[in-house]
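Student: Fold the following and give me the result.
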Amino acid sequence: MKRETIRAMDNRAVSPWFKVFGGAGPAVQAERVRRAEGSALHRLEWITLGVAFPLVIGMAAFDGLWRWAGAWPAALLVVPATFLLMHVLAFGLRLGNPLRAFWVWSLLLGAWSGWMVARGGETPVAWVAWAWLLWLVMQVPALLVLGWRSLMGVAGVPGLVFRGVLALVVHGAMVVIWWREGWQAGLACGMVICGFWALCVFRPASRIFGPVARRVEGRGPLLTIDDGPHPQDTPLILDLLDKHGVKAVFFVVGDKVREFPELAREIVARGHELGNHTMTHPQGSMWIIGPWKTWREISECQKTIEEVAGVRPRWFRAPVGHRNYFTHPVTSALGLEVMAWTRRAFDAVLGDVDGIVRRLTKDLRDGDVLLMHEATPVASQLAERVIEKCKVEES
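Tutor: Residues are numbered from 1 along each chain as shown. Modelled structure (predicted):
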């Protein structure tokens with residue numbers, strides 16, 4: 001079983017705005033074949049820029065003609081002049097790279113827009129110049145987000161060190177504010193930092209500290225099973241999966257893999273994937289542990305799975321989904337991708353099987369990632385009903 005992940009940040013956009021805020025959405029999933037050919041674009045961006053670029057170029061041509069020959073000649077000649085100008089610029093600039101082409105065209109039109117605004121005076125195309133300048137200004141927050149993503153993408157020890165230094169700088173700034181502006185301002189600053197940090201850590205799907213996969217490509221949902229292997233639940237779940245021809249990802253705990261090595265090998269032998277779920281499953285402290293313990297939890301689990309089952313996991317899921325500040329540099333260095341989920345029903349703490357099944361399977365969509373657990377009182381009963389539902393959705 002090999003299913004590729006879809007991230008909300010994963011799209012074919014070239015403009016910073018659509019790269020950040022365009023999302024993947026149904027449009028990108030629908031373009032899977034063209035994406036494989038390397039010819040797809042972000043559809044909404046393609047429509048927007050396909051209208052915006054000719055419009056601004058046309059208005060620039062109209063303004064030039066209007067100043068040179070008057071309103072009526074400008075109205076009659078604007079369409080052929082626009083096509084001529086676009087072709088001359090396209091062939092003259094020879095921009096084969098889409099990203100380079102976007103920025104050259106955007107800045108070229110931005111220079112014209114800035115010149116128009118600086119000249120002042122009444123002109124029928126001034127609104128287009130202002131609109132284009134606004135579009136360029138909109139790229140600034142998107143560029144900041146992309147810059148943040150790049151910094152959060154630093155892997156390994158350099159990434160851990162960078163994040164540590166960044167945390168010291170932020171908290172140092174809070175101390176300075178406390179000292180200079182008083183305890184009220186310092187407390188408010190601290191509350192903002194804590195709120196931001198909690199949002200990033202306690203939301204399993206948060207991508208602020210690094211990329212997280214929540215959906216997969218392919219027909220039907222993907223079943224993921226955490227906290228195994230378990231001597232009673234794992235064999236039963238494997239038999240159910242075989243019975244219905246459904247494949248799953250088992251996010252296993254390193255200590256349990258050592259305790260039940262034959263079950264880990266059996267999961268792989270039956271065609272399922274093993275995911276990294278930390279070595280000791282520190283569900284109460286994973287969110288707050290430091291960089292070196294984070295490294296040990298993830299790397300030791302990875303090593304254990306490789307030694308026992310002979311496979312190298314490619315997906316990681318934190319206990320309870322609570323990744324800490326230092327998780328992504330570790331997972332990136334180990335070649336792991338962080339996976340969350342789109343559906344959960346708290347089956348590890350609830351006993352209402354009907355309610356759990358309903359919450360997990362209602363209105364399933366292709367690519368949904370379902371979260372279930374082993375080693376619970378309802379694991380076997382729940383697994384059978386959910387697996388049957390997944391089989392129906394894939395068919």
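
Student: Got the phi and psi for Arg215?
Tutor: Note on Arg215: backbone dihedrals following degrees, to the nearest 10 are phi -130, psi 160.

Student: ok, now how distant is it from Leu370?
Tutor: For Arg215, the distance to Leu370 (C-beta to C-beta, to the nearest Å) stands at 11 Å. For every residue, glycine as well, the C-beta is placed using N, CA and C.

Student: Give the residues shared as contacts by those two.
Tutor: Shared contacts of Arg215 and Leu370, defined by C-beta atoms under 8 Å, 6 or more residues apart in numbering, comprise Thr342.

Student: Just give the number of residues close to Leu99.
Tutor: Burial of Leu99, expressed as a neighbour count using other C-beta atoms under 10 Å, amounts to 13.

Student: And the pLDDT at Met9?
Tutor: pLDDT, Met9: 43.

Student: Low-confidence bits of this structure, can you list those?
Tutor: By pLDDT under 70, the low-scoring segments of the chain are 1-11, 23-41, 95-96, 121-122, 392-395.

Student: And the helices in the stretch 251-395 of the chain, which stretches?
Tutor: Counting by DSSP state H, counting those that start in this stretch, the stretch 251-395 of the chain has helices at residues 254-259, 261-269, 291-309, 327-333, 353-361, 379-394.

Student: Of the ones you listed, which is nearest Ala69?
Tutor: Closest of the helices of the stretch 251-395 of the chain to Ala69 is helix 327-333, at 59.5 Å (criterion: C-beta to C-beta).

Student: Please determine how far the closest residue in space to Trp197 that isn't next to it in sequence is located from Pro291.
Tutor: Leaving aside its sequence neighbours, Trp197 sits nearest to Tyr325 (C-beta to C-beta, 6 or more residues apart in numbering; 7.3 Å). To Pro291, Tyr325 is 8 Å away according to C-beta to C-beta.

Student: Quick check: neighbours shared by these two?
Tutor: With C-beta under 8 Å, 6+ apart, Tyr325 and Pro291 have common neighbours Arg163.

Student: Settle it for me: which of these two has more neighbours?
Tutor: Taking neighbours as other C-beta under 10 Å, Tyr325 and Pro291 compare with Tyr325 leading, 22 against 19.

Student: list the contacts for the more buried one?
Tutor: Contacts for Tyr325 (C-beta under 8 Å, 6+ apart) come out as 163, 167, 197, 200-201, 209.

Student: which one of those sits closest to Glu262?
Tutor: Distance to Glu262, by C-beta to C-beta, is smallest for Val201 among the contacts of Tyr325, at 35.6 Å.

Student: doesn't Arg323 make contact with that closest one?
Tutor: Yes - the criterion here is C-beta atoms under 8 Å, and Val201 meets it with Arg323 at 6.5 Å.

Student: These two: which is more packed in?
Tutor: Just comparing Val201 and Arg323: by other C-beta under 10 Å the higher neighbour count belongs to Arg323, 28 against 21.

Student: Please tell me how far the more buried one sits from Trp287.
Tutor: For Arg323, the distance to Trp287 - C-beta to C-beta - is 8 Å.

Student: between the two, what contacts are shared?
Tutor: Val201.

Student: rewinding a little: overlap in contacts of Val201 and Arg323?
Tutor: Here Val201 and Arg323 have 209, 287 as joint contacts, going by C-beta under 8 Å, 6+ apart.

Student: tell me the contacts of Leu360?
Tutor: The contact partners of Leu360, taken as C-beta under 8 Å, 6+ apart, are 343-345, 347, 370, 372, 386, 389.

Student: and the two most separated of the residues you listed?
Tutor: Farthest pair in those (C-beta to C-beta) is Arg344 and Lys389. Separation: 15.1 Å.

Student: for the stretch 51-200 of the chain, what spans make up the helices?
Tutor: Taking DSSP H, counting those that start in this stretch as the test, the helices found in the stretch 51-200 of the chain are 71-93, 98-119, 126-152, 156-181, 183-202.

Student: With distance to Asp239 as added columns, please give the ones you listed in JSON lines.
Tutor: JSON lines is the format used below for the helices of the stretch 51-200 of the chain (distance: least, C-beta to C-beta, whole Å):
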{"stretch": "helix 71-93", "distance to Asp239": "61"}
{"stretch": "helix 98-119", "distance to Asp239": "50"}
{"stretch": "helix 126-152", "distance to Asp239": "42"}
{"stretch": "helix 156-181", "distance to Asp239": "41"}
{"stretch": "helix 183-202", "distance to Asp239": "36"}
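
Student: and of the ones you listed, who's closest to Arg359?
Tutor: helix 183-202 (20.0 Å).

Student: what's the offset of the closest one from the middle of its chain?
Tutor: Taking the mean of its C-alpha atoms, helix 183-202 sits 24 Å from the chain's own mean (C-alpha atoms, centre = their mean, to the nearest Å).

Student: Remind me what that helix packs against, helices and strands.
Tutor: helix 156-181 (3 or more C-beta pairs under 8 Å, 6 or more residues apart in numbering; DSSP states H and E).

Student: Measure how far the helix it packs on is from the centre of its chain, please.
Tutor: Mean-position distance between helix 156-181 and its chain equals 25 Å (C-alpha atoms, centre = their mean).

Student: list the helices and strands that helix packs on?
Tutor: Helix 156-181 sits against helix 183-202, helix 291-309, helix 327-333, with contacts defined as 3+ C-beta pairs under 8 Å, 6+ apart.
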